[in-house]
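1. I'll drop the sequence and a predicted model, then ask my questions.
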Amino acid sequence: MTGRWLNIRKNWPLFVMLAPAVAILFVFSYIPMAGIVIAFQRFVPAKGLFGPQEWVGLKNFAYVFSLRNTGQVIFNTVYISFFKILLGILVPLTVSLLLNEVRRSWYKRTVQTIIYFPYFISWVILSGILFDILSPSTGIVNSFLGWLGIQPIYFLGTASVFPWTIIFSDVWKNYGFNTILYMAAITQLPQDLYESAGMDGAGRLRCAWSITMPGILPIVMLTAVLAMGSILNAGFEQVYNLVSPVVYSTGDIIDTLVFRMSIGSTTGGAQYSLATAIGLFKSGVSFVMISTGYYLAYRFADYKVF
Amino acid sequence: MKKACLPIRLVIVCLMAGLLLVSCSAPTSTPTQGPGTTPTPVPTAEPADPFGKYEPAITITSVRDIPNPAVVKYPEGQDVENNVWITTIREELGIEVKYDWVVDASQLSTRINAMITSGDFPDFFMCSSAQFNELGSAGLLADLTGAYDAYASDAFKSAMDDAGQAVIASATRDGALMGLPIIASKEFGPMLWVRTDWLEALDLEEPETIEDVIAIAKAFATQDPDGNQVNDTFGIPVNGNTSGGLMWALGFMNSLGSYPMIWTENDHGDLVYGSITENTKNALGRLRELYDAGAIDPEFITKDYWATYDPLTSGKYGIVYGPYYISISPLQPIVNNNDKAQFKPFPLLGPDGNAKTQQASPTSGYYVVRKDCAHPEAVIKLMNFWYREFYFSPDQARYEKMINGPEFTSIYSSTPIMSYMPWANLDNILEAKRCFDGEITEDQIPPIGRQSYQDVLKYKNGDIASWMWERVYTALTTVMTVNRDGDLIQPDRNLAPPGEAMSLKWGTLSAMEMEAFSRIISGESPIEAFDTFVTEWKAAGGDEVTAEINTWFDTQQP
Amino acid sequence: MKRSLPEASFSFFNHAFLGCLALLSLLPLVNILAVSFSTGYAASTGKVGLWPVDFTVSAYRFVMQNKVFWNTLVVALLRVAAGVPLNLLLVILTAYPLSKTRKEFRQRSFFSWYFLFSMLFYGGLIPYYLTVQAVGLVDRFWVLILPIAVPVYYVIIMLNFFRQIPKELREAAEIDGAGHFATLFRIYVPLSTAAIATIVLLCFIMHWNSWFDGLLFIGNVNRQPLQSYLQSILTRPFDINQMARDPEQWKLIQFVNERTVKCAQIFIATIPIMVIYPYLQKHFTKGLLIGAVKG
């Protein structure tokens, strides 16, 4: 008892530091979570949030899983987001290691700045550009492929190609973001490690492998664990703007499915119940995935990512 | 400075969080169930004057969306809550319209749902069919029967009558009028537009049947009608990537007796969904034929309604199915860039004679009045005022003040209430036509028709930018009159509030439909896949929805 | 120092490869810029590549023509000025205790899961709206700041950066008898410039790009942030129904279309980030020199 008391007396500033953030999240995140009850109701707004709503138990969940293509949709979602996560870590990692080898500071900075730009373009705009450049008849990409002697590919209108178009365009758009994080982590590494390694005659490849890599591993693991939480988020904004009915078989994801469901109730209350139910399901899966990642990182790398 | 404020803010936030928890746990007063059947007492002491002024003035609250800030600019010092409509209503009717809140149009539905959930309503507001039904079932709405009968002006009543019994019935519960339907125009169905300079270039006759149209579409796609020596033209625009249906192809399908996305009555008096009929199968087959002939963009499957605008405005299409106003957008730019270009509007041409054109929904929502509103008749008066000002503006000065003058911005973003008359645009244009025919002088045209008259004159005097208004005039006077006189409008007969199956399953069913349609047109699936689609559609909830809607439909029969 | 041949060729290919990557990212932006300076007609015929066709600034005039643009720009700047420092303060304050080991701070696990949980579970739009309404923030400036004052993702990133600070330095502070606040602000913060610059950039982008909260919570267009205004003209660019027959307006409309306006919008919205980014980037490349900061 006294031990704990001492701990708190010594650590009171830590509680003070946490207090504002804890309070803000309590108000804006935890209080609205009461709304999760909607997932178990047939929600009718006119009856009020805590009014005499009809309780339906797990019916909303059951309905979604009873749809004939839900299995396919979940597969599409996991497929797309798995490769997005994988490439979304490997590509920035490679690029930041390569950037770190660039000695010319201006070149390094310029490249780093430029590859970050696409991150700012919203998918609404980008989808328009993609439709243009990926068009089989007029798009520049297919002109280039034609020059190489390859038949035009309908990147956005062929079911077998569509998921990879989604994956690559997403990685292209976002790899600048993680590159920034990894570069910041590399920068934070103590320089004297490199200096002493250089004196020992270690080459650049060896330095990258045995100093830089382990040095930024925590940040890489962190981004990986957090990304695992988004295994059921294949990127609504992107897919919604690029998908078309012909590629539903491989390109339809959970979020677009839920979005379309809301069309039926034409701004009535039913959409909220379904959307909340799916949201809860997704949150649950995220939670499990992140916890697993957290545990694995702790078990095998002895590192707590958060 | 900002940082210094922070702790205080946080204390406030935490305190409020506590309050919120208390208020959440407190029992919320729940509205009584069942439709409100007590009719609102109508003041009988005074005679009911549709435009009677309140002395002293009363206040009526509402909520609304705000106009697009890039497009609508109010005169200095005015805004959505304070403008010429609001002040004139206050001065002439003694009604002070106040908004509890206003919000961007994209968020209106969320805010209204949140407002309904919180139970804190204004006196009147606009809502969707689903919201109307839920509010009515929860007994939160005022019965407007008495107020409507006593106060509605003749113009308002005639608009309701023109809209039809089905529309009025959809706003009625147990014989009581529980909301004011927002009446849609009957003029927005697709018509056929053909590029006549291309017809001349290829030495073709104007079409008389759908077969002619199909032949012309194929010729436009293959014979280089724009003479640029490049095979870059198409016949008919079709959009495959959309949740809203094959918008650009609707007119084509209508011509073949197919009415996709809407519900029509069959010989047995039941409602059937147009997308699963034999005619639709046939129409899809013909679209497939056009696709194979190169008359449809091979990339239509990834193009949505708006993406189709680009090739349209750049003059790649010679046949367009669209409403009377497509001359304004997307066709006007074609003429700007090529003054030889000309589009001529036709009624929909069927296999023999004209075909009916489809109307999406005869109503686009409802104005509802809160149950304990002290003056439900004030909302009727607002609607009277709207109809009088918008359609029967007495003179030019009034017209310029309220509708369209140098100082005026936008009616829709100023008036607190609005609705349509089903044939108003046509009626107004016909007044302009009477002047061209020499029956009346320009001064005798009512102000709203006079504008059209002047625009047509401008075009005739060589102003190419007024082409679009001249085409609107032509489309209405030549095609719309045929549609009205020949009863060539096919309205959506389903005005039911979304039921259980509809709410849950419609999104999925629509997706199946769009997938099947694009696959069939683009040749990914054979035409026989249509039958598979219909079977699957029915099994996946289509039958349930059909039953639901027919149950409702039976209750609507007199 | 003379470089070996394989090393030199690696260096060459490395530069070339990264250059290609940069080009791949740059070209679409150049295209966007070119489209934004072209006429709507040219854009819709697909003639615009990397250079404007029929040069015009109509799209920019369309976006900037009214006072709303400038008013919302001011709101956006105020929002960043108030929001980013608050974000940074809360991120640093929160990350520090969480970066401690369980031995140093027994309750850290509870708190880290508390934060993570808030990031994963969401009550839905309507309950969220009603909460914000109950707090009294609807139609207030602070609605843009407080609900996103604690970006949990960045807190987690920051705490990982804090853990990279060499143990000796942390312990040295403790031996000196410095309290937690002193340790945080005298040791941790100065040693984390790159991390802090990163967090500032990310928070800046978060605030700058947020548009949904402005549209949902603020009814007066003049009090919305710039991105909300841009978003609302993006989703309803040519609302012909709402347009009066103002000849000026119609003239402008003839030269722009949805696409040129969108592109102009993207470009305008990206300018501030382009301005701030190189400035922050200076800090990314500053290495951490252990010897220099000691003592």
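-> Yep, it's here. Residues are numbered from 1 along each chain as shown, chains lettered A, B, ... in the order given.

2. from the stretch 51-200 of chain B, which residue is nearest to chain A?
-> Distance from chain A to each residue of the stretch 51-200 of chain B (C-beta to the nearest C-beta) is smallest for B:Ala130, at 2.8 Å. Placement of C-beta: from N, CA and C, glycine included.

3. need the strands for the stretch 51-200 of chain A, in chain order.
-> A:54-55 (DSSP state E, counting those that start in this stretch).

4. how about the residues of it by chain B?
-> A:51-52, A:63, A:67-68, A:128, A:131, A:135-137, A:154, A:156-157 (C-beta under 8 Å from any C-beta of the partner chain).

5. and the helices in the stretch 51-200 of chain B, which stretches?
-> B:84-93, B:108-118, B:129-137, B:145-151, B:154-163, B:165-170, B:196-201 (DSSP state H, counting those that start in this stretch).

6. tell me the helix or strand right after the last one.
-> Of the helices and strands lying after helix B:196-201 in sequence (DSSP states H and E), the nearest is helix B:210-222.

7. is that next one anywhere near chain A?
-> No. For a cut-off given as C-beta under 8 Å from any C-beta, helix B:210-222 has no contacts with chain A; the smallest distance is 13.9 Å.

8. buried stuff in that helix?
-> Within helix B:210-222, the residues that count as buried by 16 or more other C-beta atoms under 10 Å in any protein chain shown are B:Ile210, B:Val213, B:Ile214, B:Ala215, B:Ile216, B:Ala217, B:Lys218, B:Ala219, B:Phe220, B:Ala221, B:Thr222.

9. now tabulate those in CSV and tack on pLDDT and distance to B:Leu509.
-> Below are the buried residues of helix B:210-222 laid out as CSV (pLDDT from 0 to 100; distance: C-beta to C-beta, whole Å):
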residue, pLDDT, distance to B:Leu509
B:Ile210, 96, 28
B:Val213, 96, 30
B:Ile214, 96, 30
B:Ala215, 96, 35
B:Ile216, 96, 35
B:Ala217, 96, 30
B:Lys218, 95, 33
B:Ala219, 95, 37
B:Phe220, 95, 35
B:Ala221, 94, 33
B:Thr222, 93, 37
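
10. now these as TSV including distance to B:Gly175?
-> Below are the buried residues of helix B:210-222 laid out as TSV (distance: C-beta to C-beta, whole Å):
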residue	distance to B:Gly175
B:Ile210	44
B:Val213	47
B:Ile214	50
B:Ala215	54
B:Ile216	52
B:Ala217	51
B:Lys218	55
B:Ala219	57
B:Phe220	55
B:Ala221	56
B:Thr222	60
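
11. circling back: what about the residue of the stretch 51-200 of chain B closest to chain A, neighbour count?
-> For B:Ala130, the neighbour count with other C-beta atoms under 10 Å in any protein chain shown is 25.

12. A helix includes B:Asp224, no?
-> No. With DSSP: H, G, I helix; E, B strand; the rest coil as the criterion, B:Asp224 is assigned coil and is not in a helix.

13. from C:Gly46, how far off is it?
-> 19 Å (C-beta to C-beta, to the nearest Å).

14. so between these two, which is more surrounded?
-> B:Asp224 (17 against 14).

15. surely the more buried one is in contact with B:Phe234?
-> No. Taking contacts as C-beta atoms under 8 Å, B:Asp224 lies outside contact range of B:Phe234: 11.9 Å.

16. between the residues of the stretch 51-200 of chain A next to chain B, which is nearest chain C?
-> Closest to chain C, out of all of these and judged by C-beta to the nearest C-beta, is A:Gly128, at 6.4 Å.

17. quick check, pLDDT for the residue nearest to the closest one when sequence neighbours are not counted.
-> Of all residues beyond its chain neighbours, the one nearest A:Gly128 is C:Arg259 (6.4 Å), with distances taken as C-beta to C-beta, 6 or more residues apart in numbering or on different chains. Per-residue pLDDT puts C:Arg259 at 76.

18. A:Val73 too?
-> At A:Val73, pLDDT is 93.

19. count the neighbours of it for me.
-> 22.

20. show me what contacts it?
-> Residues in contact with A:Val73, defined by C-beta atoms under 8 Å, 6 or more residues apart in numbering or on different chains, are A:Asp252, A:Ile253, A:Ile254, A:Leu257.

21. quick one on the thing from earlier: mind checking which of the residues of the stretch 51-200 of chain A next to chain B are in helices?
-> Among these, the members falling in helices (DSSP state H) are A:Tyr63, A:Gly128, A:Phe131.

22. out of these, who's the most crowded?
-> A:Phe131 (23 neighbours).

23. measure that one to C:Arg259 for me?
-> 11 Å.

24. which SSE is whatever residue of the stretch 101-250 of chain C ends up closest to chain A in?
-> Using C-beta to the nearest C-beta, the closest approach of the stretch 101-250 of chain C to chain A is made by C:Pro127 at 2.7 Å. In the assignment (DSSP H and E), C:Pro127 maps to helix C:125-135.
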